[in-house]
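# Prediction below, plus the sequence it came from.
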Amino acid sequence: MVVSGVNRPVGYCPAARAPGLSTFLWDDDLATAEPLSTYTDIVNPTFVAVSSDRRRIYAVSEYPGAVESTLSTFSLSSTGSIELLGTVPTGGITACHVSLDRTGAFAFVSHYSGVPAGTLPEASISVHPIDAAGLADQAVSSLVFTGSGPTPRQDRPHTHCAVATRDNRFVLVADLGLDRVFVLAFDEETGAIRHHAECALPAGFGPRTIALGEEGLVVVSGELQNALAVLHFDAESGALELAGPVVPTLPPGRSGACAGVVLHPGERIAYVANRFFDSIAVVPLDDPGELDIVPLGGDIPRHHTFDPAGRYLLVTGQNSDEIIVFRPDGTTLRRVGSFETGSPTCIAFAG
């Protein structure tokens, strides 16, 4: 297991207590994690992806201000040790997310672009080839989105997440600033991307994170409206549409900011993180009125994911310096433990 975090002060995490990258040996029988190794010579690796063979880590660095972001490749040994193999520029500013295509041959980097529009370089999303040795190279394609939304946070495009569809023909991209999820046609041979379709979400929704399920199910967290959107994706045509009203993830009258969303690996249940109202909203998609809001017991759940066996949900407590472990129990969660790590912002297992 790889955990990344903030090790240089940024606005949303001034404490910056992460070493950089950390590896742990996860025990899914005991729900415990044994520290293995750390890597400190990297700036703010706020999001990471791990190759399916568990031999490579891909980390984006989020530099404060109008500084071009980078994508770094690391080797990961069987003992958890980390070694830098190379670093390339991403063509954009404030990189906040990295994911791999379904073949592991390309990395998609999303840029929040937390600077005024027109500041260069300004790629919204960049596509980086990965060679036979697992090393990510400079981008072979990119797109720059344009426009704005109705709230002060939506002054310009703020791309937050990109995920390849199951057949690898398309990439779904959430843009918080534009209230859109874009469908990009993707050529898995060349890495080329182009606009194919898009789905408009309610004004001021602020789409942040995407999770894909079976049979065209797509869920999107709305950071600005504290809500979950359920969409349907037609894999044949590439069309994406809203499947119903958005679901609030907070009690009436309470405020916060949604972060990530994941789907239960075996059931139609979504888990949405609420920052500032520190909790996880458990949303049964077939009966969203039965939503349960589970207190985190920590501070700022920036990212969460299931372990490979699908038995436990691990959540970063960014400002409480811990990973909190829950076990799904029907349509709620039971906390089973936690372990310490500084300012964590992302948890990644292989694949």
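Yep, that arrived. Numbers count the residues shown, from 1 in each chain.

# Please, where are all the strands along the stretch 1-150 of the chain?
Taking DSSP state E, counting those that start in this stretch as the criterion, the stretch 1-150 of the chain contains strands spanning 2-5, 21-27, 32-39, 45-50, 56-61, 68-76, 82-93, 95-100, 106-111, 125-129, 141-143.

# Can you show me the CA trace of the fourth one as CSV?
Extracted in CSV, the C-alpha atoms of strand 45-50 (Å, rounded to 0.1, in the frame of the first residue of the first chain):
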residue,chain,number,x,y,z
PRO,A,45,2.9,14.2,-4.1
THR,A,46,-0.8,14.7,-3.4
PHE,A,47,-2.1,11.9,-5.6
VAL,A,48,-0.6,8.6,-6.8
ALA,A,49,-1.4,5.6,-8.9
VAL,A,50,0.3,2.1,-8.7
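
# Distance from the chain centre to that strand, please.
9 Å (C-alpha atoms, centre = their mean, to the nearest Å).

# so can I have JSON lines of the strands of the stretch 1-150 of the chain showing mean neighbour count and mean pLDDT?
C-beta here means a position set from N, CA and C on the backbone, and glycine is covered the same way. Listed next are these as JSON lines, based on neighbours: other C-beta atoms under 10 Å; pLDDT from 0 to 100:
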{"stretch": "strand 2-5", "mean neighbour count": "28", "mean pLDDT": "98"}
{"stretch": "strand 21-27", "mean neighbour count": "20", "mean pLDDT": "97"}
{"stretch": "strand 32-39", "mean neighbour count": "17", "mean pLDDT": "97"}
{"stretch": "strand 45-50", "mean neighbour count": "25", "mean pLDDT": "98"}
{"stretch": "strand 56-61", "mean neighbour count": "26", "mean pLDDT": "98"}
{"stretch": "strand 68-76", "mean neighbour count": "22", "mean pLDDT": "98"}
{"stretch": "strand 82-93", "mean neighbour count": "18", "mean pLDDT": "98"}
{"stretch": "strand 95-100", "mean neighbour count": "25", "mean pLDDT": "98"}
{"stretch": "strand 106-111", "mean neighbour count": "28", "mean pLDDT": "98"}
{"stretch": "strand 125-129", "mean neighbour count": "25", "mean pLDDT": "98"}
{"stretch": "strand 141-143", "mean neighbour count": "19", "mean pLDDT": "98"}
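
# Cys258: what's it in contact with?
Neighbour list for Cys258: 208-209, 221-223, 225-228, 249, 272-275 [criterion: C-beta atoms under 8 Å, 6 or more residues apart in numbering].

# Give me the subset of the residues you listed lying in strands.
208-209, 221-222, 227-228, 272-275 (DSSP state E).

# For Val88, state which of those residues is nearest.
Lowest distance from Val88 to the ones in strands among the contacts of Cys258 (C-beta to C-beta) belongs to Thr209, with 24.6 Å.
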